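# Requesting a structural model of the entry that follows:
(one chain, ligands or ions: 2)
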Amino acid sequence: MTPDMVLISGDITQRARRSQFLAARAFMENLKPILTFAIPGNHDIPLENLPLRFFAPYRGFHRYFQSRREAQFMFGDVSVTGLNSTSRWRHVQGELSLQRIRPPLERSSKESRIRVVSIHHPMDCAKHVDEKNLIKNRDEVAQLLAETKTDLILSGHIHDPYVELSTQRYPEVQRSMIISVAGTSLSSRTRAGAPNSFNWIEIAAGTHDTIQLTRMDLAADGEFKPVEKKPDRFLKKESGGWSRFD
Ligand SMILES: [Fe+2]
Ligand SMILES: [Fe+2]
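Ligands and ions are numbered 1, 2, ... in the order given. Presented below is the predicted three-dimensional model:
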C-alpha cells in the first residue's frame, strides 16, 4: 500500500551541515513519487555557529534541502498542516507564534473535515524528564488548536513514541484531540524500550470518522514491522472530539 504522504517531523540532520541535508534530500528523493514534506527541527538550525544561527538560521535547510518550512496539504476531506516550532533563540524547547499559525489553522478548520497538524516539538510526552522539551506556550497553542478543530497533532523531537488524548494534559481544553509523538526512524539516538520506528497513520472520513496509528518498529532482520501491541484507534464523537476504541 502506498501512502498519500510521508511527513517528517523534523531533526532531519544532526548539526545542520550541508552533507547531512544533502543525504536527507537524497533519501526523500528515493521515496518519489510519494509526496514528502519535512518541518524543521532544532537540529536543523546551526547550534554553535552563532552568526549563522542568529542571522540566517534556515540557510542550510533552504539551500540544500527544502524550499518551505511550513505548508498545508489537502487530501479530499483531510488537511495536513506543517508548522515550524524551532527558534534561533532556543535549542531544546519550541514555541509557536499564535498570530502566525492562526490563518492556516483557520483555513483547515473551514476547508477540511479531518485536520492533522505537525509540529516538531511535542505538546505532551510520556516521561517527566521530557517536560523541558515541550512547546513553551503549549497551553495557548492547545486552546487555538481546539478552537480551529484540530483532530491529530503529530510531533517528533524526543524520540520516545507516545499516543494520548489531549484531555489528559489539557483538561481545561474542551476538545479531545489525538496527540502523537513519533520515535526516531533512522538516527542512532534511540531511547530505552523504543527502537527506531515510524508511525503508519490511517485516516478514514465517512459515516464514522476514524484514525488509526500503528507503530512500525525496526526488527532484527532490518525491516520495520507493526509492534506487538494493538494499534491506537480513535473514533470521532458527535461532539467533535475523539475517543479511543478497540
Ligand atoms: Fe528536536
Ligand atoms: Fe531529535
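# C-alpha only now, for contacts and for neighbours.
OK.
# Look up phi and psi at the residue of the chain at minimum distance from ligand 1.
Nearest residue of the chain to ligand 1: H157, at 3.5 Å (CA to the ion). Phi and psi for H157, reported as degrees, to the nearest 10, are phi 70, psi -50.
# Burial check on it, number of neighbours?
Residues lying near H157 (other CA atoms under 10 Å) number 25.
# does it really touch H121, like I thought?
Yes: between H157 and H121 there is a contact at 5.7 Å, judged by CA atoms under 8 Å.
# shared neighbours, those two?
41, 133 (CA atoms under 8 Å, 6 or more residues apart in numbering).
# who are the neighbours in contact with R88?
R88 makes contacts with 45, 53-54, 57, as judged by CA under 8 Å, 6+ apart.
# what about A146, neighbour count?
Counted by other CA under 10 Å, the residues lying close to A146 total 19.
# moving C-terminal of whichever strand or helix holds it, what's the next helix or strand?
If you go by DSSP states H and E, A146 is part of helix 138-147. Going down the chain from helix 138-147, the next helix or strand is strand 152-155, by DSSP H and E.
# what does that next one rub up against?
Outside strand 152-155, the residues that reach it (CA under 8 Å, 6+ apart) are 9, 115-123, 177-182.
# which of those lies closest to D130?
Among those, P122 lies closest to D130 (CA to CA), at 9.5 Å.
# pLDDT-wise, which helix or strand of the chain ranks last?
When each helix and strand of the chain is scored by mean pLDDT, DSSP states H and E, helix 50-55 comes last, with a mean of 91.
# Would you indicate which residues of it are buried?
For helix 50-55, burial by neighbour count (16 or more other CA atoms under 10 Å) applies to 52-53.
# can you pull the buried residues of stretch 83-94?
Neighbour-count burial for stretch 83-94 [16+ other CA under 10 Å]: 83-88, 92-94.
# Minimum pLDDT in those, which residue is that?
Across the buried residues of stretch 83-94, the smallest pLDDT goes to V92, namely 83.
# Tell me the predicted confidence for the nearest residue to that one once chain neighbours are set aside.
Leaving aside its chain neighbours, V92 sits nearest to N133 (5.8 Å; criterion: CA to CA, 6 or more residues apart in numbering). Note on N133: pLDDT of 95.
# and what of the one 4 residues further on?
What the model reports for N137 is a pLDDT of 96.
# which residues touch the residue of the chain closest to ligand 1?
Shown in contact with H157 (CA under 8 Å, 6+ apart): 9-11, 41, 120-122, 133.
# ok, now with 10 Å
Residues near H157 by CA atoms under 10 Å, 6 or more residues apart in numbering: 9-11, 41-43, 92-94, 119-122, 130, 133-134, 181-184.
# List buried residues within those.
Among the contacts of H157, the ones that count as buried by 16+ other CA under 10 Å are 9-11, 41-43, 92-94, 119-122, 133-134, 181-184.
# Within reach of ligand 2, which of the residues you listed are there?
Restricting the buried ones among the contacts of H157 to those adjacent to ligand 2 (criterion: CA under 5 Å from the ion) gives D11.
# Narrow the buried ones among the contacts of H157 to those in strands?
The strands, defined by DSSP state E, take in 119, 181 from the buried ones among the contacts of H157.
# Right, I'll leave it there.
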